[in-house]
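Engineer: using only what follows, build the 3D model:
(chains A, B and C)
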Amino acid sequence: MESTLADLEIATFAVDEVVEGTQTGWSDRRLTVSLPQLAVGAGEPALAEATVEVVRPGDRVRISNVLDVVLPDVRVSDSSVHRLAGVAVVTVCDWLAAGYTDAQELPTSLIDMGGPASDRSPWGATINIVLRCVPAPGADAAEVDSAIRREAWRIGRELATVTADLEPTETITVGGAPGDAGLPSIALILQVASEGPLVDTFWNGEPLGVFEPRIVAAADVLSGSLTNGAYDWPGVRNVTADYQDSALIRGLQAADGSTLNFAGVILAPGYLDGATQKRLAAGSSASLAADLGVDGVIVTTFSSGNSHTDTMLTVQECERRGIATVALVCETNGGLTDHVPEATSLISTGNEDELVEAWTPERVIGGQERAAVGERIAAVHFVGGLVQTGDARWTAVPA
Amino acid sequence: MDGGARMTVVHYLNQFFAGLGAEEAADQEPVRLDGPQGPGRGLAAAGIAPDVTLACGDDYFGEHEADAMATLLGWLDELHPDVLICGPSFGSGRYGYACGVLAREAGRAGVPVVAAMTPDSPGVLAAEGAAYIVPTGSNVAAMREALPVVASLAQRLAAGEPVGDAESEGYLPRGLRVNVLSERTGAERAIGLLLAKLAGDVRTEVEPRGDRVPPPAPVADLAATKVALVTEAGCVPQGNPDRLPTRHSNVWLRYPIADVDSLDPDAYESVHAGFDTTSANADPNRLVPLDAARALEHARAFGALHDVFYTTSGVDTPVATAARHGQEIAADLRAAKVGAVILTGT
Amino acid sequence: MFITALPTIAQMVGANRVLRGVSITHPTGDPSLAAGDEHDLRVGIVRRALDMLTVEVEPGTVWELDG
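Structural biologist: Numbering: from 1, shown residues only, chains lettered A, B, ... in the order given. Coordinates of the predicted model:
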């Protein structure tokens, strides 16, 4: 796809410090926030309670029952997004305490701001605006979840809006470089899972459901079209921030025109229910990649279990069409969840079963139960630490 | 900082390095000596002095392994060491083997172990990953280089301090994988790896393991064979009366089916958390094919159907747990003289 | 032997006799069939499973239902 115009410009405004004040504003890498002005929860009947507080790296705080992480951003024009960097909106909801027994399937989900495990989640290093929600009694889980997601985005927008007329600290542009025939052409196959309320992924606000692999615009992925509503294994599944700030898209974009041609993004489903469906979807992704004329693809994985089969079949179908593959997968104590002989280049995002040192924080936000206070707990319970989109730095090595 | 006030360090050597004689003393029975011997003095100079040295002849160990091990493990049990150091045995086959076996059993008994030998030594396989093995050159000329690495690992293990990954620390991989923070994100590494692959350099950060059991011989006489049904699809009586976990199950259960010809949807359900159980709950035979198995039993396609079926939920089950379940169920099946299993899974 | 809709995972963990099941959610059934046909399918699956138990196989052998 050739274009001399950028599809999207993301202007980022670095935040090194967040202080509370009477008026929300950003200047000189400092964000001032008026928490009362945010009026969290107002106008969301599905939420009985919504509170917001700021936590900072080094605080002896464990955030528990974490759902999602959203970067504060706002669209200022068709082609421009302003985003705060170094700050994240973290949503928290103790479903079990609110009586949603289905949620007992949701694993412990943590971010440690201090202590020995603070580097197990990348979000231990950001200043977090923690939005803690309590569902209204009897409210439908999907509606509560919608309300929480709406609030997170609204808060993010309100915070980012204050940068509207200001100069950013950095700008990323997406799109723009014409293809160079001498460079290898590479596409990204981004795997997501849409399995229903609380285990869902949304495109422009709608659940993806069982969908055919399709080409999507990288700019759309970065600017909020793709959002997460899946709250299963926190270490290895994606958060919305992993789409907004996709390290793979940014990396491919940065290399576009110099060491490779970035051919585009294919959105692909994980956890399809049958071997035939999995094979067909893998074949579709591979065909789309072939249509894009790529030499190679990078395939991501969503969470653990049989999504790894979707990844491996996709690798196989691509390699059989002469498309070189690299896939990102996490490991378990038992090794790889699935493998095919064609998967000769894998990135390991770490061993999800590794036990992490116990910690007793001074405070837990989000519910003491299932916060594993003072207990060793597996790495998979720390949000985003082993994410198989490559946004974090954990990996596993022989020992 | 030797085997200090509260640390006990034990060193295992063969007859030669313990100063008991060369090849003529290879049949030396296990012996227990005070303080460092031979290379143990080098360990002391490197900062960790053995309190006790255990020595055994290479041939004696090879020909009387059980006796030698009983004696050596008995001593270790009395001494309760904070760390056991074996060798260095360099390229020696018999000595390396002895070091590896002792390392394995001591390791399994909870003693941290450091050994040192060539990477090809039979001791490496014998140790089965239970020890930190420092790779050495093939003969005693490699002693100077090996001792400080051994000493450093041994000190930290004895003190209960963490030890890093194989490459950083300089020991042979034990078959484990530990998490480390890379300097680059997975994304950066992925892009680099793909460009390398396209340039002909195929590399990977992780590979599948091999721990394979060869296929058992085929059933010789099916008409005389008892067949059992086993499932990891979480099929249980309605209401899950024994509370089979829906995921991360640390138990397996078994239920009688002697008088059951078919899994009735009113009587059975699936509690497996990893898949949509709707169609299975409408007809549990779709998970555990009892009705079909019964029909074939009546048609004498095989000897008899075992009078229980076995069930667990195979979701997020650690491999070690699943392996244990398999072994336990297999033991139960063998006791019941079952000759073949049809295992169903999702 | 092992009936599963995900034979590659089974091969991965060392299963030697694997029969590809119908689907993850119904390895030994097919709700789209009429009851009688589904029973016949299931009897056929178990027959094939029994066949697999009586033959020599290479490690990690996968059979399809129609073979």
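Engineer: which parts of the chain are helices?
Structural biologist: Using chain A. Assigned by DSSP state H, chain A shows helices spanning A:35-38, A:141-161, A:218-222, A:240-244, A:247-255, A:275-291, A:307-320.
Engineer: ah, no, chain C please
Structural biologist: Assigned by DSSP H, chain C shows helices spanning C:7-12, C:35-53.
Engineer: now the first one, how far from the centre of its chain.
Structural biologist: The one in question is helix C:7-12. 13 Å (C-alpha atoms, centre = their mean, to the nearest Å).
Engineer: ok so, going back, closest to chain C out of the helices of chain A?
Structural biologist: Nearest to chain C, of all those, is helix A:275-291, at 4.6 Å by C-beta to the nearest C-beta. (C-beta placed from N, C-alpha, C; glycine too.)
Engineer: outline the domain layout of the chain.
Structural biologist: No chain specified, so I'll use chain A. Split into domains by automatic domain parsing, chain A comes to A:8-163, A:178-360+A:374-381.
Engineer: right idea, wrong chain: chain B
Structural biologist: B:9-169, B:222-344.
Engineer: and residue 157, how many residues sit next to it?
Structural biologist: Answering for chain A, as no chain was given. 17 (other C-beta atoms under 10 Å in any protein chain shown).
Engineer: my question was about chain B, not that one.
Structural biologist: When neighbours are counted by other C-beta under 10 Å, residue B:157 registers 22.
Engineer: where do the helices sit along chain B?
Structural biologist: So, for chain B - with DSSP H - the helices run B:39-45, B:58-63, B:65-79, B:93-108, B:122-127, B:143-158, B:166-169, B:186-198, B:278-282, B:290-298, B:319-335.
Engineer: now do the same contact list for residue B:247.
Structural biologist: A:105, B:272, B:273, B:274, B:313, B:315, B:316, B:317 (C-beta atoms under 8 Å, 6 or more residues apart in numbering or on different chains).
Engineer: what does it show for phi and psi?
Structural biologist: phi -150, psi 160 (degrees, to the nearest 10).
Engineer: mean neighbour count, the helices of chain B: which tops it?
Structural biologist: Mean neighbours per residue, mean count of other C-beta atoms under 10 Å in any protein chain shown, is largest over the helices of chain B for helix B:93-108, with a mean of 24.
Engineer: using CSV, write out every CA atom in that helix.
Structural biologist: Taking C-alpha atoms only, helix B:93-108 is exported to CSV below (Å, rounded to 0.1, in the frame of the first residue of the first chain):
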residue,chain,number,x,y,z
GLY,B,93,33.6,-42.0,32.6
ARG,B,94,33.3,-44.0,35.7
TYR,B,95,34.0,-41.2,38.1
GLY,B,96,31.7,-38.9,36.1
TYR,B,97,28.9,-41.5,36.3
ALA,B,98,29.4,-41.8,40.1
CYS,B,99,29.3,-38.1,40.5
GLY,B,100,26.1,-37.9,38.4
VAL,B,101,24.3,-40.6,40.2
LEU,B,102,25.2,-39.2,43.6
ALA,B,103,24.3,-35.7,42.5
ARG,B,104,20.9,-36.9,41.3
GLU,B,105,20.0,-38.8,44.4
ALA,B,106,21.3,-36.1,46.8
GLY,B,107,19.5,-33.5,44.8
ARG,B,108,16.3,-35.3,45.0
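Engineer: apart from its neighbours in sequence, what residue is nearest the residue of the stretch 1-150 of chain A found nearest chain C?
Structural biologist: Across the stretch 1-150 of chain A, no residue is closer to chain C than residue A:105, which sits at 16.9 Å (C-beta to the nearest C-beta). Ranked by C-beta to C-beta, 6 or more residues apart in numbering or on different chains and with sequence neighbours excluded, the top spatial neighbour of residue A:105 is residue B:273, at 5.7 Å.
Engineer: report pLDDT for that neighbour.
Structural biologist: We have a pLDDT of 76 for residue B:273.
Engineer: what's the burial count for the nearest residue to residue A:257 once chain neighbours are set aside?
Structural biologist: Leaving out its chain neighbours, the residue that sits closest to residue A:257 by C-beta to C-beta, 6+ apart is residue A:177, at 3.4 Å. When counting by other C-beta under 10 Å, one arrives at 18 neighbours for residue A:177.
Engineer: ok, now the one 5 residues further on?
Structural biologist: Each residue near residue A:182 was counted by other C-beta under 10 Å, and the total is 6.
Engineer: run a quick neighbour tally on the residue in chain C positioned nearest to chain A.
Structural biologist: Proximity of chain C to chain A (C-beta to the nearest C-beta) peaks at residue C:23, 4.2 Å away. Other residues within reach of residue C:23, judged by other C-beta under 10 Å, total 21.
Engineer: which non-adjacent residue is nearest it?
Structural biologist: Per C-beta to C-beta, 6+ apart, closest to residue C:23 is residue A:274, 4.2 Å.
Engineer: quick one: contacts for that neighbour?
Structural biologist: Here residue A:274 is in contact with C:5, C:22, C:23, C:24, C:25 (C-beta under 8 Å, 6+ apart).
Engineer: report the buried members of the residues you listed.
Structural biologist: If you count burial by 16 or more other C-beta atoms under 10 Å in any protein chain shown, the buried members of the contacts of residue A:274 come out as C:5, C:22, C:23, C:24, C:25.
Engineer: follow-up on the earlier one: quick one: the residue nearest to residue A:105 and chain C, what's the gap?
Structural biologist: Using C-beta to the nearest C-beta, to the nearest Å, residue B:273 is found at 13 Å from chain C.
Engineer: my guess is that residue contacts residue B:317, does it?
Structural biologist: No. If you go by C-beta atoms under 8 Å, residue B:273 and residue B:317 don't touch, sitting 11.1 Å apart.
Engineer: the more surrounded of these two?
Structural biologist: Set residue B:273 next to residue B:317 and count neighbours by other C-beta under 10 Å: residue B:317 wins out with 21 against 17.
Engineer: can you give me the pLDDT of the more buried one?
Structural biologist: pLDDT recorded at residue B:317 is 71.
Engineer: my guess is it contacts residue B:249, does it?
Structural biologist: Yes. Using C-beta under 8 Å, residue B:317 is in contact with residue B:249, at 6.0 Å.
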